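K.L.:
Here is the input, now give the coordinates:
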Amino acid sequence: MLDEIREQPAALERTLRGGLRSAAALARVVETRRPAMVFIVARGTSDNAAQFARYLLEIATGIPVSLAAPSIFTLYGARVDLRNALAVAISQSGESTDTNVVLERAREQGALTVGITNEPRSSLARIAEHVLLVRAGRERSVAATKTYTGQLMMCYLLAHALGAKIRRDDLERLPEWTASALKLEPEIARLTERYRFMERAVVVGRGLNYANAFEFALKMMETCYVPADSFSAADFLHGPIAMVERSFPVFMFAPPGATWPGMQTVLERVQSVKAETLLITDRSHRAALETNVGRIVVPVKLGRRSATPEELFTPIPYIVPAQLFAAHLAAQKNIDPDRPRTLTKVTRTM
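P.N.:
Numbers count the residues shown, from 1 in each chain. All right, here's what the predicted structure looks like:
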């Protein structure tokens, strides 16, 4: 797992370089066949990437996005009208049975179909009309890391193909920003000693980093066996915050920008009960750096020219410290994160 986390700058660079042509081909199709909506299907970590895609596409393109419930197709046999939709399936292996069934049904109904996968010879790659290939190399650890960030990179390219004003120059800096985040590993390894006996946790995010809250929680559950709940900052205040008490671990993705005021409100509330709070932020966020709580500070200033300059490009470099935290916490707990109990790399469900 650690080896694959460290491979991410090179994997992202390959993924971006190799995906530009495929994204350009999709953009030409979209010019004459613009979708009325985007319909995304995925499972597990890939479903967290889909959640990111939902926020990114709606913010950057204005096209409404729906996340599929595969059982509607596989168990209930329902027919959903997707004639004017772009259907996107995201799967690391390309062999997730229900994900592939949904994409097949969508194509049969006339939807334009896209597959995002790390496996060029997979079933998904054969089903989809357009393939955005993650070039992360073989991922041996059960816990997905480099394929997740590769999927996020492909979501940026998908948004670009749909007309989003995302600059290639900024995407080309994502591997560099990821490499900067990796420099935090010694600090994070030391930090996990404090959490060695953690038995439960909450992860809070919002907006473009909402998906990262789910992904961080998933990594702690599958590699460290720590029950971890993930929430939007807004939903958290509607009830779940009541379970937080003194020393309760609360992890927060806290970029500057549109989501910070809501995150700050959550931070003040959990501080009031003396929760064990840890922020993931970056060095440009002065307000977060002035708070009196634990922080993991990504050593880069992110974004410049987008509609949400402080936040748009944070999800990839922000998830890296969370991945490192989970891997090193597993080591603290004497757990092998590469072989979680009862899990396999490819999961097939219907």
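
K.L.:
in stretch 247-263, what's buried?
P.N.:
248-257, 259-260, 262-263 (16 or more other C-beta atoms under 10 Å). All C-beta spots, glycine's among them, are computed from the backbone N, C-alpha and C.

K.L.:
Name the residues linked to V298 by a beta bridge.
P.N.:
For V298, the beta-bridge partners under DSSP bridges are D282.

K.L.:
Would you confirm that it contacts P315?
P.N.:
No - V298 is beyond contact range of P315, at 11.3 Å (criterion: C-beta atoms under 8 Å).

K.L.:
Name the residue in the two with the higher neighbour count.
P.N.:
Under the criterion of other C-beta atoms under 10 Å, the comparison of V298 against P315 puts P315 first, with 29 against 24.

K.L.:
For the more buried one, give me its contacts.
P.N.:
Residues in contact with P315 (C-beta atoms under 8 Å, 6 or more residues apart in numbering) are F52, L152, L208, N209, A211, N212.

K.L.:
what separates the spatially closest residue to the fourth one that is not a sequence neighbour from T113, distance-wise?
P.N.:
Spatial nearest neighbour of N209, excluding adjacent residues (C-beta to C-beta, 6 or more residues apart in numbering): F253 at 3.9 Å. Counting by C-beta to C-beta, to the nearest Å, the gap from F253 to T113 is 31 Å.

K.L.:
One more: V102?
P.N.:
10 Å.

K.L.:
hey, what's in contact with both of those two?
P.N.:
With C-beta under 8 Å, 6+ apart, V102 and T113 have common neighbours A87, A89.

K.L.:
any idea which of the buried residues of stretch 247-263 is closest to S180?
P.N.:
P255 (15.1 Å; C-beta to C-beta).

K.L.:
surely C155 meets Q51?
P.N.:
No - in this structure, C155 is not within contact of Q51 by C-beta under 8 Å, at 10.1 Å.

K.L.:
Give me the neighbour count for the nearest residue to V41 once chain neighbours are set aside.
P.N.:
Beyond its immediate neighbours in the sequence, the residue positioned closest to V41 (C-beta to C-beta, 6+ apart) is A68, lying 3.8 Å away. Around A68 there are 24 other residues, counting by other C-beta under 10 Å.

K.L.:
pLDDT at A68, what is it?
P.N.:
At A68, the model reports a pLDDT of 94.

K.L.:
Kindly report the same for E310.
P.N.:
65.

K.L.:
R339 now?
P.N.:
So R339 comes in at 79 (pLDDT).

K.L.:
ok, back up a step: so can I have TSV of the contacts of P315 showing neighbour count?
P.N.:
Below are the contacts of P315 laid out as TSV (neighbours: other C-beta atoms under 10 Å):
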residue	neighbour count
F52	26
L152	26
L208	26
N209	27
A211	28
N212	26
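
K.L.:
thinking again about what came up before, tell me which of the buried residues of stretch 247-263 fall in strands.
P.N.:
P249, V250, F251, M252, F253 (DSSP state E).

K.L.:
quick one: low-confidence ranges for the stretch 201-350 of the chain?
P.N.:
302-310, 341-350 (pLDDT under 70).

K.L.:
residue boundaries of the strands in it?
P.N.:
201-205, 228-232, 249-253, 276-282, 294-298 (DSSP state E, counting those that start in this stretch).

K.L.:
Against which helices or strands is the second one packed?
P.N.:
With contacts defined as 3 or more C-beta pairs under 8 Å, 6 or more residues apart in numbering; DSSP states H and E, the secondary structure elements packing on strand 228-232 are strand 201-205, helix 210-224.
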